[in-house]
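>>> make a model of this:
(2 chains, ligands or ions: 2)
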Amino acid sequence: MANEVWIYAEHKDGKLKKSALELLSGARSIANDLGAQLVAITLGSGLETMVKELGGYGADKVIIADNDALKSYLAVSYAQVIANLAKQYQPVILLGPASAQGKDLFPRVAAKLGTGLASDCIKIQLDGQKLLSPVRPMYAGKALVEANIPEAKPQMATVRPNVLAVAPKQEGKQAQIEKVSVEAPKDLKTVLKEIVKGAKETVDLTEATIIISGGRAMKAADNYKILWDLAEAFGSGTTVGASRAAVDSGFAPIDMQVGQTGKVVNPTLYIACGISGAIQHLAGMRTSKFIVAVNKDADAPIFQKADYGIVGDLFKVVPILTEEVKKLKAQE
Amino acid sequence: MKIGVLMKQVPDTETKIRIKDDASGIVVDGIKWVMNPYDEYAVEEALRIKEKKAGSTVTIISMGPKRSVETIRTGLAMGADSGILIDDPALEGADCYATAKALAKVMEPENFDLILCGKQAIDDDSAQVPQMVAEFLGMPQAMVIDKLVVSDDGKKATCYRRIEGGAKEVLEVDLPAIVAAEKGLNEPRYASLPGIMKAKSKPFKEINLGALGLKAEEVGAKGAKLKVKKYFLPAEKAPGKIIPGEPEDAARALVKMLREEAKVV
Ligand SMILES: Cc1cc2nc3c(=O)[nH]c(=O)nc-3n(C[C@H](O)[C@H](O)[C@H](O)COP(=O)(O)OP(=O)(O)OC[C@H]3O[C@@H](n4cnc5c(N)ncnc54)[C@H](O)[C@@H]3O)c2cc1C
Ligand SMILES: Nc1ncnc2c1ncn2[C@@H]1O[C@H](COP(=O)(O)O)[C@@H](O)[C@H]1O
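Numbers count the residues shown, from 1 in each chain, chains lettered A, B, ... in the order given. Ligands and ions are numbered 1, 2, ... in the order given. All right, here's what the predicted structure looks like:
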């Protein structure tokens, strides 16, 4: 068995995803404790330039599985390639992002390798026996579990985006780059016909650092403009979400829904506007680092979970917030 | 078409979760058990395909304790044709790997043309079982889909898979395939009274460890690759601050706090 800890570096539109840097930063100390090499693996073609910076974020080595057939992602093809590489190199740990792609792919890889997978983890650590012992939420975050994979290898986990802090880049540190040519995977029984873009091209809710969400109190789809204005004032990494009541009322599209049957988000700042704080909504946003609630009902349950609350009409409060944020940004 | 639906019984979303004193699991007393919400979409979609394609059948497969019978009956009352419950004390404590192994083993001889399931069970929140089943059965997968179109000849399915930022992947898979439902796929029906009456006489099969044909080491806690060490509750958040004053002043104060205390702006 190679003494290597692997992270899967996801990329999109020719750019590495932030999750690759988060995973490297989070896995560095684990690799150190194990005296292991930290390796980033990535699939596709023409990736050499893109992976250069991974060394600066802690990778000792980058493995590029190169093949034109891997240009677009498919669970079946990517799982074959990753499982074959893992069989060949035998890393002790394999980590990936709990992104749309990671969630799709990693269970298939684990099944191929006959190993276990802890999905959507919010903490990664080693236990006393130096086994990966991640913590993951269950029951919509109402309970947590710590688990490990004592027998099978590699020990696999996917980590929720935005949980692991990105360490500062070490300039000048280079990773060794190993390009392996892999065969085009066969027998896929799947064709990617097209990728249909969303109506609004913004950062995904699950990866956003600031989210402003509007609930039933928004009253109409057009009123979301005031939330988008605030999002724009905050700048990149900010997006707008919605409660289920707002989605069911047709004020917001379903991909904006936060909650148990929507997306689980984990931003640095979550601003809930006119959202009562039902348990199913909390399930989707309770791990946000700072929660702000704007609600005209002082008894709304959301205030129990909020770090800061304003009791007032969101249609008054939000535009002032936008002005204030703009002022602050203008001073920079 | 022969359609299989994977269905899990889970605690109602309103359930207050309590942890056992020895941290080995949750307290199940008093829990109201329901069909996993995403599996409701799977059942509904199966029924809609059945209604379009003459001669189709829908079988619900669930692994879980005896009480899961109730939820399978709900699916039968909605209109599914038959149910299979995999139930044995040896199956307790399974992780997704062991669960998928058992489900795949039961489904293999059934030769389903299409297997529908939910994108995630809202108890373990793993989102792993469908992909693992797909791998064990050598089938293509399409997870998190909110639209499904089965071709007229029943050989292919076009699946609209929701990915990031409101974007969608359009995947065409050869059948048999496994497809996992996201909210929005459809609006599940309620069981009608005649449906509930009819469900009582629909074929229902129970499979124990012997009938399953797997060894005791391959299932349940023994077959689990991921072993839970302990359950615990998340730390309670300290109650927040209500910022006093008129909305205008409060908004100004908030932005200042976000910068100075929370350091998020
Ligand atoms: C199985 C299941 C799954 C669910 N999944 C989800 C989910 O994923 N996500 C989700 O969000 N919900 C989900 N729900 C629904 C959830 O239970 C609530 O119904 C929903 O979250 C309520 O949305 P809301 O807070 O926007 O609306 P409401 O509960 O109606 O709250 C509106 C709030 O706005 C305040 N308000 C009104 N006007 C103003 C104003 N002008 N300014 C400021 N405040 C104002 C009111 O005081 C109130 O608190 C689920 C429910 C079930 C049963
Ligand atoms: N014990 C089970 N019995 C039947 N189906 C299951 C079981 N566990 C999971 N599934 C199916 O797999 C989906 C995803 O579950 P999970 O991977 O546990 O989040 C569920 O929505 C079900 O369709």
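
>>> where does the stretch 101-250 of chain A have low pLDDT?
Filtered on pLDDT under 70, the stretch 101-250 of chain A yields no residues whatsoever.

>>> quick check: phi and psi at residue 23.
Since you didn't name a chain, this refers to chain A. When read as degrees, to the nearest 10, the backbone of residue A:23 gives phi -70, psi -40.

>>> I figured it was touching residue A:8, is that so?
Yes. With contacts counted by CB atoms under 8 Å, residue A:23 reaches residue A:8, the gap being 7.5 Å. Any C-beta I mention is one placed from the backbone N, CA and C, and that applies to glycine too.

>>> so which of the two has more stuff around it?
residue A:23 (33 against 24; other CB atoms under 10 Å in any protein chain shown).

>>> who's in contact with the more buried one?
A:7, A:8, A:9, A:95, A:96, A:97, A:159, A:164 (CB atoms under 8 Å, 6 or more residues apart in numbering or on different chains).

>>> 7 Å instead?
Residue A:23 is in contact with A:7, A:95, A:97, A:159, A:164, counting by CB atoms under 7 Å, 6 or more residues apart in numbering or on different chains.

>>> what does residue B:147 give?
Listed by CB under 7 Å, 6+ apart, the contact set of residue B:147 reads B:160, B:185.

>>> just confirm it is within a strand.
Yes. Per DSSP: H, G, I helix; E, B strand; the rest coil, residue B:147 lies within a strand segment.

>>> so what's it bridging to?
residue B:160 (DSSP bridges).

>>> same check, this time on residue B:172
Counting by DSSP bridges, residue B:172 forms beta bridges with residue A:191, residue B:158.

>>> residues near residue 178, how many?
No chain was given, so I picked chain A. Look at residue A:178: counted by other CB under 10 Å, it has 13 neighbours.

>>> that was the other one, I meant chain B.
Residue B:178 has 27 neighbours, counted by other CB under 10 Å.

>>> contact partners of the one helix or strand it maps to?
Take DSSP states H and E as the rule and residue B:178 turns out to sit in strand B:177-181. By CB under 7 Å, 6+ apart, the residues outside strand B:177-181 that reach it are B:38, B:41-42, B:45, B:114-119, B:130, B:133-134, B:139-145, B:148, B:157, B:159.

>>> tell me the helix or strand right after it.
helix B:193-199.

>>> what packs against that following helix?
helix B:68-78 (3 or more CB pairs under 7 Å, 6 or more residues apart in numbering or on different chains; DSSP states H and E).

>>> which residues are contacting the helix it packs on?
Counting by CB under 7 Å, 6+ apart, B:7, B:9, B:33, B:35, B:43, B:47, B:60, B:62, B:83, B:85, B:189, B:191, B:195-196, B:199, B:202, B:204 sit against helix B:68-78.

>>> quick one: average pLDDT of that helix?
For helix B:68-78, mean pLDDT rounds to 98.

>>> quick check: next helix or strand after that helix?
Heading C-terminal from helix B:68-78, the first helix or strand you meet, by DSSP H and E, is strand B:82-86.

>>> so what strands line up beside the strand holding residue B:178?
As assigned by DSSP bridges, strand B:177-181 forms pairs with strand B:114-118 (parallel), strand B:141-150 (parallel).

>>> in contact with residue 48, which residues?
Let's take chain A. Counting by CB under 7 Å, 6+ apart, residue A:48 touches residue A:177.

>>> please go with chain B instead
Neighbour list for residue B:48: residue B:186 [criterion: CB under 7 Å, 6+ apart].

>>> now the phi/psi pair for the nearest residue to residue A:326 once chain neighbours are set aside, please.
Among residues not flanking residue A:326 along the chain, residue A:233 sits closest, at 4.8 Å (CB to CB, 6 or more residues apart in numbering or on different chains). Main-chain torsions, residue A:233, degrees, to the nearest 10: phi -60, psi -40.

>>> run a quick neighbour tally on residue A:233.
A count of nearby residues for residue A:233, using other CB under 10 Å, gives 20.

>>> you'd agree it is up against residue A:327?
No. Using CB atoms under 7 Å, residue A:233 is not in contact with residue A:327, being 9.3 Å away.

>>> how about the strands in the stretch 1-150 of chain B?
B:2-6, B:9-11, B:33-35, B:57-63, B:82-86, B:114-118, B:141-150 (DSSP state E, counting those that start in this stretch).

>>> next, format those strands as a markdown table and append mean pLDDT and distance to residue A:86.
Compiled in a markdown table, the strands of the stretch 1-150 of chain B are given as follows (pLDDT from 0 to 100; distance: least, CB to CB, whole Å):
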| stretch | mean pLDDT | distance to residue A:86 |
| --- | --- | --- |
| strand B:2-6 | 98 | 27 |
| strand B:9-11 | 98 | 32 |
| strand B:33-35 | 98 | 36 |
| strand B:57-63 | 98 | 28 |
| strand B:82-86 | 98 | 30 |
| strand B:114-118 | 98 | 26 |
| strand B:141-150 | 98 | 19 |
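
>>> looking at these, which is buried most?
Of the strands of the stretch 1-150 of chain B, the one with the most neighbours on average (mean count of other CB atoms under 10 Å in any protein chain shown) is strand B:114-118, at a mean of 28.

>>> what about it and ligand 1, touching?
No. Strand B:114-118 is not in contact with ligand 1 by CB under 6 Å from any ligand atom; minimum separation 12.2 Å.

>>> how about that strand and ligand 2, any contact?
Yes. Using CB under 6 Å from any ligand atom, we find that strand B:114-118 touches ligand 2 at B:117, B:118.

>>> put the alpha carbons of that strand into CSV.
The C-alpha coordinates for strand B:114-118 follow below in CSV (Å, rounded to 0.1, in the frame of the first residue of the first chain):
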residue,chain,number,x,y,z
LEU,B,114,-36.0,0.5,-14.7
ILE,B,115,-35.3,1.0,-11.1
LEU,B,116,-36.5,4.3,-9.5
CYS,B,117,-35.4,5.5,-6.1
GLY,B,118,-35.0,8.7,-4.1
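
>>> what's the spacing between the residue lying closest to residue A:134 once chain neighbours are set aside and residue B:230?
Of all residues not flanking residue A:134 in the chain, residue A:121 sits nearest, at 4.0 Å (CB to CB, 6+ apart). Distance of residue A:121 to residue B:230, computed by CB to CB, to the nearest Å: 15 Å.

>>> still on that earlier bit, out of the contacts of helix B:68-78, which touch ligand 2?
Of the residues in the contacts of helix B:68-78, proximity to ligand 2 by CB under 6 Å from any ligand atom holds for B:7, B:62.

>>> quick check: neighbours shared by residue A:23 and residue A:8?
Overlap between the contact sets of residue A:23 and residue A:8, as judged by CB under 7 Å, 6+ apart, is given by residue A:95.

>>> would residue B:222 count as being in a helix?
Yes. Secondary structure of residue B:222 (three-state DSSP): part of a helix.

>>> that one contacts residue B:216, doesn't it?
Yes. If you go by CB under 7 Å, residue B:222 and residue B:216 touch, sitting 6.3 Å apart.

>>> just give the closest residue to the residue in chain B that ligand 2 sits nearest to, not the sequence neighbours.
In chain B, the residue that lies nearest ligand 2 is residue B:118 (2.4 Å; CB to the nearest ligand atom). Spatial nearest neighbour of residue B:118, excluding adjacent residues (CB to CB, 6+ apart): residue B:38 at 2.8 Å.
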